[in-house]
Structures are given as C-alpha cells and as structure tokens.
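[1] take a look and give me a structure for this.
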Amino acid sequence: MDELLYRIALSMLPIKPQEQRMLLEAAGSATEVFHLSKRIEELIPDSNDKARAVMASMEGQLTGAAREIAFAERKNIRILTIDDDAYPYRLKQAEDAPTVLYYSGNADLNAKHIVSIVGTRSCTDYGKDLCRQFIADLKEAVPDLVVLSGLAYGIDVTAHLACLENGIPTVGVLAHGLDIIYPQVHRTYANDMVRNGGLLSEYRSGTDMNKSLFVARNRIVAACADATVVVESKEKGGSLHTARMALDYNRDVYAFPGRVTDKVSRGCLDLIFDNVARCVCDAKQFLECQGWDSLKKPDEHVVQTELFTELDETQLYIVGKMRSLDECNIAQLAAVTAIPVKQLNVHLAQMELAGVIEFSPGGKYRLAMSYRR
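    Numbering: from 1, shown residues only. Below is the predicted model:
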C-alpha cells in the first residue's frame with residue numbers, strides 16, 4: 001500500500017508524466033523517490049532550485065493520495081499504475097503515458113482489438129447514422145472488440161450508445177476525476193458503460209475541469225487503441241487533435257469523407273488530404289485495411305527452428321509471438337515481447353531483409369506467407 005500511496009503522490013506533482021517515469025526508473029520505485037525527494041540531486045545531479053522545490057513538496061501530497069485511495073475503495077475504482085498487468089499496454093508505449101490511471105468498469109483495456117471513434121459535438125443525423133451502422137457492422141466481424149471515445153456530445157456519445165445497443169464493451173476516457181460526469185446529461189449512459197465497458201481517467205477526484213485537460217485526455221484515446229476513426233469533424237476540433245496524436249503514436253487513422261460543402265466534413269477531408277488518415281467509407285473497408293476482415297482464433301504453433309536457421313534466439317522468440325497476431329505495429333510487438341523498441345527495430349530490420357517478415361505502408365508487421373504455418 002505504501003508504494004501505491006507514493007505513486008499517487010508522485011502523479012500529483014506538477015511535473016510531466018515522462019518526468020515521473022524518469023524518476024521511477026532512476027530510483028526503482030516511488031517509495032524510493034519519496035525518500036530522496038528532499039535530496040533529489042542524488043537522482044538528478046543537475047536539478048535546479050525549482051525542481052528541488054517541487055520534489056520537496058511530495059510529502060505534502062500524501063494526504064491527498066490517501067484520500068484518493070479511500071475514495072477509490074468506496075466507489076469500486078481500480079487504481080492502475082504503469083507497472084500493472086491491467087494497465088493498457090498500448091498506452092504504456094507512449095512516452096507521455098500517465099503513471100497512474102483510475103478505472104471503473106469491466107472491459108479489458110488490453111483486448112486484442114480496440115478502436116477509438118471520435119468526431120464533432122455538432123454532428124449531423126447522417127453522421128450519427130454512419131456511426132451506428134459502422135459499429136453494428138464491426139460487431140459482426142470483430143466479436144472481441146472494445147470501443148473508446150470521450151463521452152462528449154455528438155459522435156462520442158453516439159458511438160458509446162451504439163456499442164451499448166450492440167453489446168460491445170465501450171470505455172469513456174474522461175478529462176476529469178471519476179467523481180463527476182460531464183456532461184451531466186450523460187450520467188445514465190455512463191452508469192450503463194460501467195456495467196458493459198468502463199470509465200477511465202488519469203485525473204483524481206476533485207480535479208477542476210479546464211480546456212487543457214480535455215486536450216491532454218485525447219492522447220489516451222489515441223494511444224489506447226489500434227486505430228482511431230474520425231466520423232465527422234469541422235476544420236478545427238478535438239477529434240483532429242486525437243487523430244494527429246494517433247499518427248504520432250504509430251497508430252492507424254481513418255476518416256469518413258463527406259461533401260466538400262459540409263462544415264462537419266472539412267476536418268475529415270483535411271486529414272485525408274494531409275495523409276494523416278486513410279479514407280474509409282464503411283466497416284468492410286476498415287476491416288480490410290486493418291487486416292481484420294477474416295478474423296479467426298489463432299492456432300497455437302510451435303516454431304520450427306529448422307525453417308529459421310538465419311535467425312538468432314531473440315528473433316525466433318519474436319516469430320513465435322507474431323504467430324499469435326494477424327498484424328501488429330511496433331508498439332504492440334514491444335508490449336507482447338517485452339523487448340525495447342530500439343532493440344526491436346534492429347531485429348525487425350534483419351528479419352525483413354531475411355524475408356521472414358513483411359512491412360506494410362500502414363506501419364504494420366506480419367510474418368511472410370511461407371512462415372505463417
């Protein structure tokens with residue numbers, strides 16, 4: 001419990017998530033960070049007065065951290081630290097991943113197939129119908145699907161409701177603590193989502209809402225999924241920000257086109273024009289692009305080493321992991337193999353030269369056809 005207390009206290013400091021991770025890696029635990037918080041130069045020799053003052057304030061966060069643990073216990077909220085197995089492995093690959101998440105729900109945040117669906121708050125009836133049909137069609141093709149969005153007005157809540165109607169687990173990523181629901185009119189939907197999906201946030205209870213938190217929230221929507229789909233968007237808006245962040249995280253991005261004269265289509269058209277998103281018109285096209293159009297339960301295979309005499313032991317291990325995946329990007333592969341991305345890049349380059357794997361323009365890797373059996 002002490003380690004969790006110190007993890008939360010560390011997350012409450014006014015420093016970036018990547019700086020929190022750096023401290024955790026340097027000290028080995030949040031407990032040790034706390035013990036050195038007033039002697040931070042032992043961890044960061046070149047720390048300045050401001051950094052030392054911030055770290056010295058960690059002790060003052062313990063009361064709030066203890067209060068948050070008590071709140072989570074009362075409300076059946078799971079506190080996930082970045083080292084937990086239940087922490088979203090896709091998100092963990094992002095440099096700016098939160099070190100602590102608060103989660104209420106039952107959806108698997110590490111499900112094999114996760115899609116984020118986002119769009120404008122001022123969507124049209126056409127956009128709503130498009131979103132509902134897209135989700136209904138995905139239900140038939142991807143039985144283990146989880147859908148993420150932001151519980152906002154418009155496309156977000158349309159996606160959540162369509163998932164609830166189709167029995168698809170859906171998770172709302174919030175820009176505030178789990179003690180409130182915003183907008184308030186979505187509270188009933190949020191309760192239903194906790195029963196078939198969940199609510200996820202990096203923010204503790206009592207957090208004041210402001211615009212910057214909604215912007216930061218978008219990175220979680222983007223990084224937690226295999227792909228982000230933008231249904232409708234104006235020329236500017238949060239969904240465009242989410243899409244561009246997804247691309248930065250090496251995730252797939254898709255956008256539904258619309259008439260060039262429609263304001264709510266301009267953002268999607270810009271994403272397609274800028275090569276940020278692939279143009280997609282229905283679930284069939286999306287599934288084909290993702291390689292999910294013929295999903296089957298993967299068979300367990302034993303790696304036949306005589307077929308891979310040109311590979312070393314690490315690369316044989318990578319092959320074994322890839323045989324349980326249809327396709328994967330480097331973040332997914334790093335998560336399932338526990339091999340650092342930089343090291344993984346070297347192995348993948350060698351394997352591609354050997355003709356063992358193939359690299360697609362969508363940033364995905366897969367075993368070459370002759371090596372899949």
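[2] mind listing residues that contact the helix or strand hosting residue 358?
    Per DSSP states H and E, residue 358 falls inside strand 357-359. Contact with strand 357-359 is made by 322, 348, 351, 352, 365, 366, 367, 368, 371, as judged by Cβ atoms under 8 Å, 6 or more residues apart in numbering. (Glycine included, C-beta is placed from N, CA and C.)
[3] isn't the third one up against residue 316?
    Translated: residue 351. No - using Cβ atoms under 8 Å, residue 351 is not in contact with residue 316, being 10.1 Å away.
[4] out of those two, which sits in the busier spot?
    Set residue 351 next to residue 316 and count neighbours by other Cβ atoms under 10 Å: residue 351 wins out with 24 against 15.
[5] any idea of the pLDDT on the more buried one?
    For residue 351, the pLDDT comes out at 86.
[6] ditto for residue 130
    95.
[7] which element follows the longest helix seen in the chain toward the C-terminus?
    Scanning the chain for the longest helix, with DSSP state H as the assignment, gives helix 125-141. Next in sequence after helix 125-141, counting helices and strands by DSSP H and E, comes strand 145-149.
[8] any idea how far the following helix or strand past that next one is from the chain center?
    Sequence-wise, the next helix or strand downstream of strand 145-149 (DSSP H and E) is helix 155-166. Here helix 155-166 is found 19 Å from its chain centre; the criterion is Cα atoms, centre = their mean, to the nearest Å.
[9] show the secondary-structure elements that the following helix or strand past helix 155-166 is packed against.
    Using DSSP H and E, the helix or strand that directly follows helix 155-166 along the chain is strand 170-173. Judged by 3 or more Cβ pairs under 8 Å, 6 or more residues apart in numbering; DSSP states H and E, strand 170-173 is in contact with strand 145-149, helix 155-166, helix 187-195, strand 197-201, helix 211-223.
[10] buried set for the strand holding residue 358?
    residue 357 (16 or more other Cβ atoms under 10 Å).
[11] what average pLDDT does it get?
    Computed over strand 357-359, the average pLDDT equals 83.
[12] same check, this time on stretch 134-144
    93.
[13] got the CA positions of that stretch in PDB?
    This file holds the C-alpha atoms of stretch 134-144, laid out as PDB (Å, rounded to 0.1, in the frame of the first residue of the first chain):
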ATOM      1  CA  PHE A 134     -20.300   1.300 -38.700                       C
ATOM      2  CA  ILE A 135     -20.400  -0.100 -35.100                       C
ATOM      3  CA  ALA A 136     -23.200  -2.600 -35.900                       C
ATOM      4  CA  ASP A 137     -21.100  -3.900 -38.800                       C
ATOM      5  CA  LEU A 138     -18.000  -4.200 -36.600                       C
ATOM      6  CA  LYS A 139     -19.900  -6.200 -34.100                       C
ATOM      7  CA  GLU A 140     -20.500  -9.000 -36.700                       C
ATOM      8  CA  ALA A 141     -16.900  -9.100 -37.700                       C
ATOM      9  CA  VAL A 142     -14.900  -8.500 -34.500                       C
ATOM     10  CA  PRO A 143     -16.500 -10.300 -31.600                       C
ATOM     11  CA  ASP A 144     -13.900  -9.300 -29.100                       C
END
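[14] ok and the longest helix of the chain relative to helix 155-166, angle-wise?
    With axes from the mean of the first three to the mean of the last three Cα atoms, to 10 degrees defining the directions, helix 125-141 sits at 40 degrees from helix 155-166.
[15] at the geometric centre of this structure, which residue sits there?
    Closest to where the C-alpha atoms of the chain average out (Cα atoms, centre = their mean) is residue 224, at 1.1 Å.
[16] need the phi and psi values for that residue.
    Dihedral pair for residue 224: phi -80, psi -10, per degrees, to the nearest 10.
[17] any idea how far it is from residue 7?
    Residue 224 is 20 Å from residue 7, where distance means Cβ to Cβ, to the nearest Å.
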